[in-house]
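> Could you look at this predicted model? Sequence included:
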Amino acid sequence: MRKDMIPAHVGLLLAAVLGAGLVAYSTSSGVGVGGDATIYIYSAKNLLAGHGLGLVGPQGEFRLLPYFPPGFPLALAAVGSSGIDLDLAGRWLNILLFAGIIVLSGEMLLRVVRPIGLVILFACVLALSPLLSPVYSWVMSEPLCIFLGFLGIVLELAFLRHGDKGLALLVCAALAAGLSFLTRYSAAAFPAAGLIGLLWLSRRPRRERVRDGIVYAVAAAAPMAAWLAVDLTQTATVSSRRFESVERMVSQFFGAWGYLKDGFLNWLVPNSWVTAPPYPHILNSALAAVTLAGVLAWAVWAARTASKHEAQDDRAGEVYRLIILLGLFIVAYVGLVVVVYALTFPTIDINNRMLSPVHVAFLWLVTALAGLSLSRVPNRRWIGQMALAAFGLATLWYGWRDVRIVRQNQASGLGYNSADWRESDTIRAVKALPASTLIVTNEETAILYLLGRPTYSMQEPFQVSNAPAVTYGDGDLATDKGERVFRQDGAALVLFNSIQDQLAVYYGDQARARLAAMTQGLFRAFQGNDGAIYFYRPPAN
């Protein structure tokens with residue numbers, strides 16, 4: 001390590017400690033656990049118990065990990081094999097991954113960006129991002145996906161730098177991208193961008209470039225191919241989604257861009273300003289359009305400038321390849337999200353969590369563009385000072401927003417570890433039910449996580465029906481196991497108040513009337529502030 005770079009490496013480590021510390025504080029009242037996180041945790045727990053990677057049902061039936069790729073629960077199981085509680089494993093895995101992406105990003109940019117103060121400020125912006133600390137505060141797959149995906153980009157850049165001396169780097173880059181895909185399906189953008197970038201950016205002869213592309217594609221596809229082979233042989237499906245109608249696809253396609261715009265705006269201003277700005281609302285649209293157009297024009301200029309000098313300037317060549325790979329990834333990821341949102345039902349959520357990999361890529365890109373611009377503009381001292389001041393202001397702006405979010409998370413807890421769920425009187429009533437009582441509910445994962453009791457899902461909130469609602473238990477018992485056990489086996493129907501919002505997604509103003517029709521004539525054994533428990537007929541004493 002060069003002595004003159006020691007302060008830079010120390011600065012990166014301090015930024016990583018800052019980011020990790022904020023996530024640790026954010027989760028000190030309970031790490032974020034929701035529906036998906038519960039499935040990850042219990043799949044890992046069942047794997048460690050010898051049942052397999054999946055969920056055990058109310059009557060002991062096993063179901064392979066449903067609808068999710070296995071990368072994250074496998075990582076949880078690996079950490080949990082030491083005996084550590086899986087909630088704690090998820091919390092500390094994400095804390096370490098946050099520190100890891102900050103160091104990985106900073107070390108990558110130190111190769112190509114000057115002044116080094118710009119990289120240190122970038123690391124602070126990343127550490128204080130109000131978009132990332134919430135993502136890393138939940139036991140979810142994005143942190144692992146992000147680290148593996150960007151590790152793949154770093155390794156691919158190293159291969160492109162070393163050429164024929166680095167075939168092992170190429171395989172490692174492909175495996176990292178492939179493992180990211182194995183963690184989240186949307187991360188298919190990483191190997192896609194990596195393959196296109198390899199064929200585009202390599203300076204090797206065409207035959208060798210094609211060979212490298214084949215090696216990369218096979219290595220990147222191998223992890224997911226192995227999982228699909230297991231999944232299809234055991235479940236005959238890899239997704240719970242179905243295709244929308246053509247009319248709905250068109251509507252969803254155009255609707256997706258509004259969510260993307262709001263997500264991007266949230267990188268610039270607080271979420272409350274996106275929905276209810278303290279200024280004319282049109283300024284938000286102008287801010288998004290001007291910023292995106294400016295960065296796009298900047299990236300085109302920088303790519304052209306760097307490509308002209310890459311043969312004579314190693315740093316310019318490195319920046320050029322980085323800009324291309326990041327641009328390919330952003331386009332591939334956003335395109336994939338829009339296509340999936342438009343074509344499938346139920347629709348995915350386009351929110352900060354979904355867009356977090358693009359947020360990281362965007363921060364990388366802006367920092368690389370700033371560094372290249374400073375190296376190519378003459379008499380740049382005052383420009384460099386302005387760039388440092390801009391990054392410093394971004395650090396303060398993000399820090400102000402992030403600290404407020406972290407404090408709120410620490411005070412209230414997150415997801416099922418929040419006070420509202422931990423003190424739920426309906427949860428207490430379910431806990432008091434006999435262990436032999438089967439349960440049907442609209443909040444399967446809440447009861448599983450808080451009480452460890454597998455339940456049957458109430459299907460009504462998740463499937464649209466034009467038929468009039470009937471009393472629950474009088475529906476199609478042949479296809480709906482929840483209704484069957486409710487009517488025939490004396491199961492309890494536990495409805496949390498969230499059923500109203502779930503039904504409203506599909507039935508709008510008719511949700512309340514539909515719920516009333518479904519519970520009409522049922523025996524209500526318990527009514528609490530946040531839910532109720534019903535039986536088809538009064539339980540026998």
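Here it is on my side, so go on.

> For the chain, which residues score under the pLDDT cut-off?
Within the chain, the segments meeting pLDDT under 70 span 1-2, 4, 163-165, 236-242, 244, 311, 377-381, 383, 460-466, 541.

> ok, Arg91 - how many residues close by?
The tally of other residues near Arg91 (other Cβ atoms under 10 Å) stands at 24. (C-beta placed from N, C-alpha, C; glycine too.)

> Who are the contact partners of the closest residue to it other than its chain neighbours?
Among residues not flanking Arg91 along the chain, Val31 sits closest, at 4.1 Å (Cβ to Cβ, 6 or more residues apart in numbering). Contact analysis of Val31 by Cβ atoms under 8 Å, 6 or more residues apart in numbering lists Asp87, Leu88, Gly90, Arg91, Asn94, Ser137, Trp138, Val139, Leu414, Asn417.

> switch to 7 Å and redo it
If you count contacts by Cβ atoms under 7 Å, 6 or more residues apart in numbering, Val31 has them with Asp87, Gly90, Arg91, Ser137, Val139, Leu414, Asn417.

> quick one: Tyr506 and Gln459, what's the gap?
Distance of Tyr506 to Gln459, computed by Cβ to Cβ, to the nearest Å: 12 Å.

> List the residues that contact the residue positioned nearest the centre of the chain.
Residue closest to the mean C-alpha point of the chain, counted by Cα atoms, centre = their mean, is Glu142 at 3.8 Å. Residues near Glu142 by Cβ under 7 Å, 6+ apart: Val135, Arg184, Arg353, Ser356.

> Then Leu160?
Taking Cβ under 7 Å, 6+ apart as the test, what Leu160 contacts is Leu201, Ser202, Arg321.

> one more time with 6 Å
Leu201, Arg321 (Cβ atoms under 6 Å, 6 or more residues apart in numbering).

> just Arg184 next, same as before
By Cβ under 6 Å, 6+ apart, Arg184 lies in contact with Ser141, Cys145.

> Just want the phi and psi numbers for it.
phi -140, psi 130 (degrees, to the nearest 10).

> where's it relative to Thr291, distance?
Distance, Arg184 to Thr291, using Cβ to Cβ: 27 Å.

> list the helices and strands the helix or strand Gly482 falls within packs on?
Per DSSP states H and E, Gly482 falls inside helix 481-488. For helix 481-488, not one helix or strand is in contact under the criterion 3 or more Cβ pairs under 6 Å, 6 or more residues apart in numbering; DSSP states H and E.

> continuing past that helix, what's the next helix or strand?
Following helix 481-488 in sequence order, the next helix or strand is strand 492-496 (DSSP H and E).

> which strands and helices sit next to the following helix or strand past that next one?
Where DSSP H and E defines the elements, the next helix or strand beyond strand 492-496 is helix 499-507. If contacts are counted by 3+ Cβ pairs under 6 Å, 6+ apart, helix 499-507 sits against helix 511-519.

> and the next helix or strand after the helix it packs on, what does it pack onto?
Per DSSP H and E, the first helix or strand lying C-terminal to helix 511-519 is strand 523-527. Contacts defined by 3+ Cβ pairs under 6 Å, 6+ apart place strand 523-527 against strand 531-535.

> tell me the angle of the strand it packs on relative to helix 481-488?
60 degrees (axes from the mean of the first three to the mean of the last three Cα atoms, to 10 degrees).

> what's strand 531-535 in contact with?
Contact with strand 531-535 is made by 426, 429, 492-497, 522-526, as judged by Cβ under 6 Å, 6+ apart.

> From the residues you listed, list just the buried residues.
Under a neighbour-count criterion of 16 or more other Cβ atoms under 10 Å, the subset of the contacts of strand 531-535 counted as buried comprises Thr426, Ala429, Ala492, Leu493, Val494, Leu495, Phe496, Leu522, Phe526.

> how about those in CSV, adding distance to Leu131?
Formatted as CSV, the buried ones among the contacts of strand 531-535 follow (distance: Cβ to Cβ, whole Å):
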residue, distance to Leu131
Thr426, 33
Ala429, 38
Ala492, 40
Leu493, 39
Val494, 35
Leu495, 34
Phe496, 29
Leu522, 44
Phe526, 40
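
> If we only consider those, which is nearest to Thr275?
The closest of these to Thr275 turns out to be Phe496 (Cβ to Cβ; 25.8 Å).

> residues in contact with the closest one?
Glu443, Asp530, Gly531.

> Would you tell me which helix is longest in this structure?
The longest helix of the chain (DSSP state H) is helix 381-412.

> For that one, what is the distance to the chain centroid?
Helix 381-412 sits 23 Å away from the centroid of its parent chain (Cα atoms, centre = their mean, to the nearest Å).

> What of stretch 30-50?
With Cα atoms, centre = their mean, you get 16 Å for stretch 30-50.

> how about that stretch as PDB, C-alpha atoms only?
Extracted C-alpha coordinates of stretch 30-50, given in PDB (Å, rounded to 0.1, in the frame of the first residue of the first chain):
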ATOM      1  CA  GLY A  30     -35.500  -5.000  16.500                       C
ATOM      2  CA  VAL A  31     -34.300  -5.700  13.000                       C
ATOM      3  CA  GLY A  32     -36.900  -5.300  10.300                       C
ATOM      4  CA  VAL A  33     -38.900  -8.400   9.600                       C
ATOM      5  CA  GLY A  34     -41.900  -8.600   7.300                       C
ATOM      6  CA  GLY A  35     -43.600 -11.200   5.100                       C
ATOM      7  CA  ASP A  36     -40.700 -11.900   2.800                       C
ATOM      8  CA  ALA A  37     -38.100 -11.800   5.600                       C
ATOM      9  CA  THR A  38     -40.100 -14.400   7.600                       C
ATOM     10  CA  ILE A  39     -40.000 -16.700   4.600                       C
ATOM     11  CA  TYR A  40     -36.300 -16.300   4.300                       C
ATOM     12  CA  ILE A  41     -35.700 -16.800   8.000                       C
ATOM     13  CA  TYR A  42     -38.000 -19.900   8.400                       C
ATOM     14  CA  SER A  43     -36.600 -21.400   5.200                       C
ATOM     15  CA  ALA A  44     -33.100 -21.200   6.600                       C
ATOM     16  CA  LYS A  45     -34.300 -22.500  10.000                       C
ATOM     17  CA  ASN A  46     -36.000 -25.500   8.400                       C
ATOM     18  CA  LEU A  47     -32.900 -26.200   6.300                       C
ATOM     19  CA  LEU A  48     -30.800 -26.200   9.500                       C
ATOM     20  CA  ALA A  49     -33.400 -28.500  11.200                       C
ATOM     21  CA  GLY A  50     -33.100 -31.000   8.400                       C
END
